[in-house]
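1. need a structure here:
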Amino acid sequence: MGEKPLTEQHARSSFLSNFILGSQDGLVNVLGILLGLTAATSDLRLIFVAAFAALGAESISMGAVAYTSTLARRKQYQKEVNREETEMREVPQVEKKEVRDVFQKWGYKGQELERLTDLIASKPKALLEFMMSNELQLQPVDASEPRRSFLVVLSSTIFGSIIPLIPYFLEGKELLLAAIGSVMISGVVLFAIGYYEARTTVGSLWKSGIQMAMIGLAAGLAGFLIGHFIGASPV
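-> Numbering: from 1, shown residues only. As a prediction, this is how the structure comes out:
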């Protein structure tokens with residue numbers, strides 16, 4: 001039997017960043033609200049109303065921000081493409097010098113430098129992509145990317161928001177047990193998100209996981225303390 005050909009596996013950085021952004025934000029936001037209201041009231045219905053209101057508003061808001069920010073990056077890229085194309089037509093020697101400067105920074109010299117510069121400058125498409133990537137350090141944004149970012153962030157925010165709610169469904173009126181369970185499951189999921197981030201990028205797996213968990217739980221603790229002191233204050 002022949003061996004299967006090796007294929008390169010690359011993580012999609014935009015998907016990873018959008019997933020982490022949405023899931024962490026949704027989880028931390030709802031966890032803080034749940035703990036704050038648990039410390040302030042024993043009304044389970046009120047806690048659910050506030051948590052689901054936050055889930056809906058946060059999910060749509062985060063998705064919309066992801067859409068508009070990605071769309072802005074696409075517009076910026078298109079604007080710079082138009083500017084570079086104009087410069088390629090009107091001041092080709094300046095563009096060629098900029099290509100040469102990049103290769104010089106990379107250590108090329110003499111005839112090799114000139115040959116590479118001429119090769120890039122002689123192909124308009126290669127020249128444009130070279131300048132966009134190496135002079136402006138911009139990457140193309142596909143027309144479908146804003147919509148994809150919206151969907152990823154929206155769905156991951158909903159996913160993250162539901163996690164701390166699970167113990168409240170299971171424990172019912174036992175709010176203290178629900179709060180403890182919410183903290184525990186949220187910590188585990190946040191650790192898993194940080195672990196996954198380090199696994200697909202660089203860094204210590206355990207350190208990244210613990211760091212993500214600590215940040216999220218600290219935000220939850222802040223919600224608990226706010227709810228506790230406001231709930232204990234006389235009206």
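2. give me the neighbour count for the residue nearest to Asn29 when sequence neighbours are not counted.
-> Nearest residue to Asn29, sequence neighbours excluded (C-beta to C-beta, 6 or more residues apart in numbering): Glu58, at 5.3 Å. Every residue, glycine included, has its C-beta placed from N, CA and C. Other residues near Glu58 number 22, with proximity taken as other C-beta atoms under 10 Å.
3. quick one: the strand or helix carrying Glu87 to chain centroid distance?
-> According to DSSP states H and E, Glu87 maps onto helix 44-90. Helix 44-90 has its C-alpha centroid displaced from the chain centroid by 11 Å (C-alpha atoms, centre = their mean, to the nearest Å).
4. that older thread, check the residue nearest to Asn29 and give its pLDDT.
-> Glu58 is assigned a pLDDT of 90 by the prediction.
5. could you measure from it over to Leu176?
-> 25 Å (C-beta to C-beta, to the nearest Å).
6. follow-up on the earlier one: report all helices and strands that the helix holding Glu87 contacts.
-> helix 13-40, helix 92-105, helix 124-134, helix 145-162, helix 166-171 (3 or more C-beta pairs under 8 Å, 6 or more residues apart in numbering; DSSP states H and E).
7. tell me who's in contact with Gly220.
-> Val28, Leu31, Gly32, Leu35, Pro164, Val183, Ser186 (C-beta atoms under 8 Å, 6 or more residues apart in numbering).
8. how about a cut-off of 7 Å?
-> Val28, Leu31, Gly32, Leu35, Val183, Ser186 (C-beta atoms under 7 Å, 6 or more residues apart in numbering).
9. out of those, who's nearest Glu135?
-> Nearest to Glu135 among these, counting by C-beta to C-beta, is Val28 at 38.6 Å.
10. test my guess that the closest one contacts Met214.
-> No - taking contacts as C-beta atoms under 7 Å, Val28 lies outside contact range of Met214: 11.4 Å.
11. what about those two, which has more around it?
-> A count of neighbours by other C-beta under 10 Å puts Val28 above the other of Val28 and Met214, at 25 against 14.
12. how close does the more buried one get to Val183?
-> From Val28 over to Val183 (counting by C-beta to C-beta), the distance is 12 Å.
13. what about the most far-flung residue of the chain relative to its centre, which helix or strand?
-> The outermost residue of the chain relative to its centre, with distances by C-alpha atoms, centre = their mean, is Gln111 at 43.9 Å. Applying DSSP H and E as the criterion places Gln111 in helix 110-121.
14. for that helix, buried residues please.
-> Leu113, Leu116, Thr117, Ile120, Ala121 (16 or more other C-beta atoms under 10 Å).
15. quick check: mean pLDDT across that helix?
-> Mean predicted confidence for helix 110-121 is 91.
16. now do stretch 138-153
-> In this model, stretch 138-153 has a mean pLDDT of 91.
17. and stretch 213-222, by the same measure?
-> Averaged across stretch 213-222, pLDDT comes to 78.
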